[in-house]
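> sequence and predicted structure are below.
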Amino acid sequence: MTTAATASRIYKLRLRLDAQGLDALLVSQPQNRRYLSGFTGSAGYLLISESATRIATDFRYFEQASRQAPDFQLQPITAAPLESWLPGLLDGLGGKRVGFDAAHMPQATYRQITQTLRSLPSAERPRLVATTDFVEELRAIKEPEEIAAIQAAVDLSDAAYAHLRRHIEIGWTEKRVAWEVESYMREHGGEALAFETIVAFGEWSALSHAYPRDVPLQENQISLIDMGVRLDGYCSDMTRTFVLGEPDSTFRRLYDIVLGAQLAAYELIAAGMTGEQAHMLAHRVIEEAGHGERFGHGLGHGVGLEVHELPRLGRGSDTVLVDGMVMSVEPGIYISGWGGVRIEDLAVMENGRLRPLTRSPKLEFEN
């Protein structure tokens, strides 16, 4: 990440701090740390105020932090107790309102921090304020460089899926299918999986988050694969459902319903809608086909530095969709004892409409 990108994000954060009546933010969530500083280490804290940008981490990451976050003042963590380093990180914030990641801070850590603050003279003691999604709401709107990074991860997933379809054979187990795509993504630049690959054959595909087993693929059997890779920190996420052999009439009918729901979402979702309104566009298609109760999850979720982040497309989501958001569009139908169909692509909101990022082909049936 360039220092210009970091500076722009910190500027936006400071505007948000001012609007929320906060004087500083203590950041502990790993992807939030990376987004604001460029630091990719697994341990540390950021402190961002109107005039200061500080990073606290231990000896393992001193060199890394100085290289990745050169605009941040390094606060070494040289001993385990918080009281040995936290006052230095919060120096100058006595009486000030300091936000923290309430959803990501363990209760034990919060107790240690509050105990450390109570030990300080009252004039040097900041006031902690719980925040939720403070940085995540900034992350939800992607910059052009982020969209390009996500597209690169999507392209690698597309290539891995194409590789799989060229090589998969009857008799391969779910675990072997998972390994085939995972090894391809690793061998072609992927730094990690975005999540544990889902592979499900036959009735097992009725589990929306199935895990791969030592069960061989049979001819004419449903195959559902949900896969993603992390590349340069950014994730992809896609699902395809197919049949090796001749799909039966039930599969064709349900696949067409799910695909119709996804195409309706792509056609009708627009900036200004809430996540719930977007979800219902696809849900109504499936509901009108008689399978509403078999589409039990949300239509989608944001994807970026995490594979599940804002926005959320589902019931109860009041997040307003705007340009720059990247999200999955993944309707599905799941029938116990038969199996499931899910189709998932990533898309970015541009000029008020969704533009697909995923390019892997979907099935087409002649009626």
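Yes, it's here.

> can you tell me how far Tyr161 sits from Glu267?
Plainly put, Tyr161 is 24 Å away from Glu267 if you go by C-beta to C-beta, to the nearest Å. The C-beta positions use only the backbone N, C-alpha and C, and glycine is treated the same way.

> other SSEs contacting the longest helix seen in the chain?
Criterion DSSP state H: the longest helix present in the chain is helix 144-167. When contacts are defined as 3 or more C-beta pairs under 8 Å, 6 or more residues apart in numbering; DSSP states H and E, helix 144-167 sits against helix 174-187, strand 222-227, strand 229-231, strand 234-235, strand 238-243, strand 326-329, strand 345-350.

> and the ones you listed: which comes nearest Thr6?
strand 234-235 (16.3 Å; C-beta to C-beta).

> what sits up against that closest one?
The contact list for strand 234-235 (C-beta atoms under 8 Å, 6 or more residues apart in numbering) reads 146, 149-150, 152-153, 194, 228-229, 303-307.

> middle-most residue in this structure, spatially?
The centre of the chain sits closest to Val307, judged by C-alpha atoms, centre = their mean, with a distance of 2.4 Å.

> doesn't that one belong to a helix?
No: counting by DSSP: H, G, I helix; E, B strand; the rest coil, Val307 is not part of a helix but coil.

> how close does it sit to Trp85?
Taking C-beta to C-beta, one finds Val307 at 32 Å from Trp85.

> again with Asn351
Distance, Asn351 to Trp85, using C-beta to C-beta: 47 Å.

> compare these two (neighbour count), which wins?
Trp85 (20 against 7; other C-beta atoms under 10 Å).

> can you pull the contacts of the more buried one?
Contacts of Trp85 (C-beta under 8 Å, 6+ apart): Ala56, Gln75, Pro76, Ile77, Thr78, Ala79.

> so what's the residue count around the fifth one?
As a burial measure, Thr78 scores 10 neighbours (other C-beta under 10 Å).

> wait, isn't it in contact with Ser84?
Yes: look at Thr78 against Ser84 with C-beta atoms under 8 Å: they come within range, at 6.9 Å.

> and the contacts of stretch 262-277?
278, 281-282, 285, 298-299, 311-323, 329-331, 343, 345, 347, 349, 352-354, 356.

> any figure for the gap between the nearest residue to Lys175 once chain neighbours are set aside and Ser223?
Once flanking residues are discounted, Lys175 sits nearest to Pro212: 4.7 Å by C-beta to C-beta, 6 or more residues apart in numbering. Computed with C-beta to C-beta, the distance linking Pro212 and Ser223 is 11 Å.

> report pLDDT for the residue nearest to Asp237 when sequence neighbours are not counted.
In this structure, Asp237 finds its nearest non-sequential neighbour in Gly228, 4.2 Å apart by C-beta to C-beta, 6+ apart. At Gly228, the pLDDT value in this model is 98.

> for Gly228, give its distance to Ser8.
On the measure of C-beta to C-beta, Gly228 and Ser8 end up 27 Å apart.

> now do the strands in the stretch 251-367 of the chain.
300-302, 309-313, 326-329, 332-335, 339-342, 345-350, 353-356 (DSSP state E, counting those that start in this stretch).

> nearest to Asp248, out of these?
Of all the strands of the stretch 251-367 of the chain, strand 339-342 sits nearest to Asp248, with 10.8 Å by C-beta to C-beta.

> picking up where we left off before, can I get the contacts of strand 234-235 in a markdown table with distance to Ser336?
Shown next, in a markdown table, are the contacts of strand 234-235 (distance: C-beta to C-beta, whole Å):
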| residue | distance to Ser336 |
| --- | --- |
| Glu146 | 39 |
| Ala149 | 39 |
| Ile150 | 34 |
| Ala152 | 38 |
| Ala153 | 33 |
| Ala194 | 28 |
| Gly228 | 26 |
| Val229 | 31 |
| Val303 | 29 |
| Gly304 | 33 |
| Leu305 | 35 |
| Glu306 | 30 |
| Val307 | 26 |
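
> kindly indicate the member of those residues with the most neighbours.
Neighbour-wise, these (other C-beta under 10 Å) top out at Val229, 32 neighbours.

> who does that residue bridge with?
On the basis of DSSP bridges, Val229 takes part in beta bridges with Leu193.

> thought it was touching Ala194?
Yes: between Val229 and Ala194 a contact is recorded at 5.7 Å, counting by C-beta under 8 Å.

> so for these two, which residues contact both of them?
Joint contacts of Val229 and Ala194 (C-beta under 8 Å, 6+ apart) are Ala153, Cys235, Ser236.

> looking at those, which is nearest His104?
Cys235 (18.0 Å).

> tell me the spacing between the closest one and Leu357.
12 Å.

> common neighbours of these two, please.
When C-beta under 8 Å, 6+ apart defines a contact, the residues bordering Cys235 and Leu357 alike are Ile150.

> who has more neighbours out of these two?
Per other C-beta under 10 Å, whichever of Cys235 and Leu357 has more neighbours is Cys235, with 26 against 23.

> quick one: the helices in this structure?
Remark: helices assigned in the chain by DSSP H are 3-19, 30-37, 62-68, 86-89, 107-118, 136-139, 144-167, 174-187, 249-268, 275-288.

> in the last one, which residues are buried?
The neighbour-count check on helix 275-288 (16 or more other C-beta atoms under 10 Å) flags Gly275, Glu276, Gln277, Ala278, His279, Met280, Leu281, Ala282, His283, Val285, Ile286 as buried.

> ok, those vs Thr173, which is closest?
Ile286 (30.7 Å).
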